[in-house]
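1. Below are the sequence and a predicted model; questions follow.
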Amino acid sequence: MNPTHQNFKTTEGIEELQSATYSQNPLPRVVLRHNTQYLLDGQWYFELDNQDRGLREAWYLGHRYEYTAHWPGSVETHMAAARGQQQTPAWQDKVIAWYEREFPRPERKTSSPSMFQITFGASGYATRVWLNGRLLRTINGEEVHYGEYTSFSYELEEEHLLPVNYLTVRIESSMDAEIPRGKQESHVYKRGGIWYQTYTGAVRSVWLETVERNRLRSRIGVISVIEDSLVRFNFTTRIHDPGLYTLRLSIYEREGEKKEPLSVADFPLPLEAGQKQQYVVMELPDAEIWSPENPHLYRLVAQLIDPHGYAAEIEANFGLRKFEARGRHLYLNNEEIYIDGILYQPGTATYEEMRRHMFAMKELGCNLVRVHIAGVDPRIYNLADEIGLLLWVEVPSPHSSTPKSRENHKAELLRMLSLIETNPSVVIWSLYNEDWGAQDIATNPQTRKYIMDAFHYMKIRYPQFLVVDNDGWQHISSEGKLKSDLLTVHLYTPELDRWKEMLDQLMQGQMEGVAAFPLVVGDPYFYRGQTPIIVSEWGGFGFSDYGGPEGLEERADRIRIFKQELRKRAIAGDIYTQATNIEDERNGLIDPHTGALSVPSGLLNSREEEKKVDKKTSDQTS
């Protein structure tokens with residue numbers, strides 16, 4: 001599971017793009033904290049606990065582990081290595097794994113009012129952590145952290161640190177269809193076809209660091225309204241010593257020679273012990289706007305200054321942009337934009353492989369990447385900001401529709417949102433996909449109510465995003481109002497005539513007989529051009545038994561023709577399926593390891609084709 005560091009082997013265009021200098025963040029998080037960090041990745045002791053004996057026998061107080069494993073890495077890989085097998089062994093119900101490593105007592109290199117903290121980039125689905133036999137609680141007070149896609153942290157009491165310390169981790173996961181799992185197999189959907197092998201456990205880095213006792217947490221919300229030159233920030237304070245603090249914000253150009261801040265503002269905050277959120281607004285006159293063509297970023301330095309004048313500091317890059325739906329069209333910064341997108345399923349890709357994929361998708365001509373029901377390394381969002389790629393992110397779905405699955409879905413949504421609101425590249429969120437985990441959406445009012453409530457919450461709390469209720473079909477209409485900013489549809493056919501027919505039916509406002517299920521459920525909905533239509537999945541060329549073109553040249557030709565038909569109609573964007581091959585799905589355009597394109601660069605860039613047509617028409621007219 002060590003990340004690879006080979007040179008990129010792709011097209012000349014990608015090599016040129018990657019020759020630019022992009023920020024190297026050693027930790028999987030969006031927000032930077034300039035402090036002392038000690039990465040705990042590497043070899044850990046490891047053992048499976050199939051009989052669930054570890055808690056009863058108190059393994060956290062001392063246990064002789066049978067194997068070793070490399071963290072980060074999936075429990076499936078660790079199981080295979082422990083058993084000496086080439087193929088990853090299957091587990092069909094529940095898996096419990098224990099990990100342990102030792103580390104020396106860290107030295108505090110500063111006299112500041114600080115403490116030590118351990119952060120897990122991601123681990124799950126259910127994680128318990130002990131330090132020297134003492135069960136830790138997360139900053140949010142959890143003895144068990146649930147979820148496997150986002151980070152969580154533990155503050156350490158200094159008196160509990162020894163000259164040699166033992167960190168013990170118990171991770172439990174299952175095939176439970178009620179927990180968010182995306183396209184991993186479950187008790188409902190078995191592995192094969194579009195359902196992938198599970199990938200769970202110790203999936204992202206873990207590190208020890210120093211943090212101030214009174215500080216800003218590593219999360220920043222950014223909302224910009226480009227017309228008023230104001231930037232709205234949301235911070236989370238973590239306080240141990242109550243008092244009157246000052247929040248000082250300084251905005252700089254991210255690149256260039258200017259060393260002085262463009263804008264500085266102070267906000268006095270009386271803070272009690274504990275954790276709270278605080279919104280503030282800053283003015284940034286004559287700000288440059290972020291877009292894929294001009295991914296201009298600013299650097300924010302945020303300091304929480306205590307009553308004694310000590311400043312705890314975090315840093316993040318951000319951009320100003322506006323993304324909205326009006327009638328049939330999408331607008332970025334008040335200019336109409338067509339989405340040339342691609343579906344991206346990273347699967348078990350390493351961070352370095354995902355970086356290559358991002359550059360390759362840019363080289364294909366995409367201006368948007370739909371990260372399909374998966375949580376990825378947060379540095380990928382930063383990379384998208386830097387190279388100019390819009391992102392459509394999605395909540396990993398459960399596989400059954402129950403009150404418990406909706407509770408788990410909401411918790412996962414909130415965990416993701418708290419960490420993904422800094423990046424200007426993130427413009428669209430999906431709550432569900434093809435009603436996985438909401439199979440009764442057409443018949444159960446409680447399912448529809450939950451999704452509508454989540455939609456309304458996001459529209460009020462996160463106005464910087466467009467929100468899709470259930471991507472692909474069976475969108476919710478209440479009183480004739482669509483509870484989705486976009487009318488999205490998944491259309492698959494290898495036949496050109498059928499493709500044209502489906503697109504025409506879509507344009508005519510036909511809600512049934514176009515996709516696999518009705519496009520809208522609930523109250524009657526009359527399209528009449530009031531919502532942007534996105535064909536959010538199409539293609540699939542190369543998928544086994546699909547009947548599409550198998551040769552790469554024929555596949556490229558088919559993509560061009562199908563894209564041309566899309567652009568002839570009043571459609572706001574499309575998402576080709578998909579970027580890379582993954583398990584049984586063989587419809588990728590990018591080598592999953594090297595990032596090399598298997599089709600011509602620019603293939604998905606219909607915007608360039610449109611410019612060529614416009615120029616040709618102009619030349620003929622003149």
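-> All right, it came through fine. Numbering: from 1, shown residues only.
2. can you give me the strands in the stretch 251-400 of the chain?
-> 263-271, 274-283, 298-305, 311-318, 323-326, 329-332, 335-337, 339-344, 368-371, 390-394 (DSSP state E, counting those that start in this stretch).
3. Could you say which of those is packed most deeply?
-> strand 339-344 (a mean of 26; mean count of other C-beta atoms under 10 Å). Any C-beta I mention is one placed from the backbone N, CA and C, and that applies to glycine too.
4. what packs against it?
-> Packed against strand 339-344, as judged by 3 or more C-beta pairs under 8 Å, 6 or more residues apart in numbering; DSSP states H and E, are the following elements: helix 351-363, strand 368-371, strand 390-394, strand 533-539, strand 573-577.
5. what comes up buried for the longest one?
-> When neighbours are counted by 16 or more other C-beta atoms under 10 Å, the buried residues of helix 351-363 are found to be 351-363.
6. other SSEs contacting it?
-> In terms of contacts (3+ C-beta pairs under 8 Å, 6+ apart), helix 351-363 is packed against helix 12-18, strand 339-344, helix 379-387.
7. can I get the buried residues of helix 351-363 in CSV with pLDDT and distance to Glu336?
-> Listed next are the buried residues of helix 351-363 as CSV, based on pLDDT from 0 to 100; distance: C-beta to C-beta, whole Å:
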residue, pLDDT, distance to Glu336
Tyr351, 93, 35
Glu352, 95, 36
Glu353, 96, 34
Met354, 97, 30
Arg355, 96, 31
Arg356, 97, 31
His357, 98, 28
Met358, 98, 25
Phe359, 98, 27
Ala360, 98, 27
Met361, 98, 22
Lys362, 98, 21
Glu363, 98, 24
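8. quick one: which of those is nearest to Gly540?
-> For the buried residues of helix 351-363, the residue nearest Gly540 by C-beta to C-beta is Met361; the value is 17.1 Å.
9. does the closest one really touch Gly388, like I thought?
-> No: with contacts counted by C-beta atoms under 8 Å, Met361 stays clear of Gly388, the gap being 11.5 Å.
10. avg pLDDT for stretch 71-78?
-> Across stretch 71-78, the average pLDDT comes to 94.
11. For the chain, give me the ranges with low pLDDT.
-> Counting by pLDDT under 70, the chain contains low-confidence residues at 1-24, 86-89, 110, 256-258, 543-548, 609-622.
12. Tell me where it has helices.
-> Along the chain, the segments classed as helices by DSSP state H run 12-18, 75-82, 351-363, 379-387, 403-419, 445-461, 496-507, 552-567, 606-621.
13. Go through the ones you listed and name the closest to Ile533.
-> Judging these by C-beta to C-beta, what sits closest to Ile533 is helix 496-507, at 6.3 Å.
14. residues making contact with the closest one?
-> The contact list for helix 496-507 (C-beta atoms under 8 Å, 6 or more residues apart in numbering) reads 489, 491, 493, 513-514, 533, 535, 558, 561-562, 565-566, 569-571.
15. now the angle from it to strand 533-539?
-> 160 degrees (axes from the mean of the first three to the mean of the last three C-alpha atoms, to 10 degrees).
16. Next, work out how far apart Ala516 and Ser186 are.
-> 20 Å (C-beta to C-beta, to the nearest Å).
17. Which residue of the two possesses the greater neighbour count?
-> In this view Ala516 and Ser186 are compared by other C-beta atoms under 10 Å, and Ser186 has more residues nearby, 23 against 12.
18. how about the closest residue to Cys366 other than its chain neighbours, what does it touch?
-> Of all residues beyond its chain neighbours, the one nearest Cys366 is Ile342 (4.8 Å), with distances taken as C-beta to C-beta, 6 or more residues apart in numbering. Residues near Ile342 by C-beta under 8 Å, 6+ apart: 361, 364, 366, 368-370, 575-579, 589, 604.
19. Of those, which pair is most distant in space?
-> Farthest pair in the contacts of Ile342 (C-beta to C-beta) is Leu368 and Leu589. Separation: 15.2 Å.
20. now Leu304: how far from Arg238?
-> From Leu304 to Arg238 the distance is 9 Å (C-beta to C-beta).
21. and for these two, which residues touch both?
-> Common neighbours of Leu304 and Arg238 (C-beta under 8 Å, 6+ apart) are 214-216.
22. Would you mind giving those as JSON lines with distance to Gln446 and neighbour count added?
-> Output for these, formatted as JSON lines (distance: C-beta to C-beta, whole Å; neighbours: other C-beta atoms under 10 Å):
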{"residue": "Asn214", "distance to Gln446": "43", "neighbour count": "23"}
{"residue": "Arg215", "distance to Gln446": "41", "neighbour count": "25"}
{"residue": "Leu216", "distance to Gln446": "38", "neighbour count": "22"}
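23. Please enumerate the strands of the stretch 101-250 of the chain.
-> So, for the stretch 101-250 of the chain - with DSSP E, counting those that start in this stretch - the strands run 114-120, 126-131, 134-135, 145-146, 152-156, 164-174, 201-202, 206-212, 215-225, 230-239, 243-253.
24. helices and strands around the last one, which ones?
-> Same thing as strand 243-253. Using 3+ C-beta pairs under 8 Å, 6+ apart: strand 243-253 touches strand 230-239, strand 263-271, strand 274-283, strand 298-305.
25. Pull up the pairing partners for that strand, direction included.
-> Next to strand 243-253 in the sheet, as set by DSSP bridges, lie strand 263-271 (antiparallel), strand 298-305 (antiparallel).
26. same deal with the fifth one?
-> Here strand 152-156 has these sheet partners by DSSP bridges: strand 114-120 (antiparallel).
27. ok, for Ala556, nearest residue in space, not its chain neighbours?
-> Going by C-beta to C-beta, 6+ apart, Ala556 has Val599 as its nearest residue, at 4.5 Å.
28. Next, find the distance separating the one you found from His372.
-> Computed as C-beta to C-beta, the Val599 to His372 distance reads 20 Å.
29. who has more neighbours, these two?
-> His372 (24 against 18).
30. is it true that Lys276 touches Asn234?
-> No: judged on C-beta under 8 Å, Lys276 makes no contact with Asn234 at a distance of 11.0 Å.
31. show me what contacts Phe455?
-> By C-beta under 8 Å, 6+ apart, the neighbours of Phe455 are 431, 467, 469, 476, 483-484.
32. so how far is Val467 from it?
-> Shown here: Phe455 relative to Val467, a distance of 5 Å by C-beta to C-beta.
33. coming back round to it: among the contacts of helix 496-507, name the buried ones.
-> Buried members of the contacts of helix 496-507, scored by 16+ other C-beta under 10 Å, are 489, 491, 493, 514, 533, 535, 558, 562, 566, 571.
34. The fourth one is in contact with Thr493, isn't it?
-> No: taking C-beta under 8 Å as the contact criterion, Val514 and Thr493 are not neighbours in contact, 11.1 Å apart.
35. For the nearest residue to Phe267 once chain neighbours are set aside, give its distance to Leu304.
-> On the basis of C-beta to C-beta, 6+ apart, the spatially nearest residue to Phe267 that is not a chain neighbour turns out to be Leu247, at 4.3 Å. Distance, Leu247 to Leu304, using C-beta to C-beta: 6 Å.
36. same question, Met507
-> Applying C-beta to C-beta, the value for Met507 to Leu304 is 53 Å.
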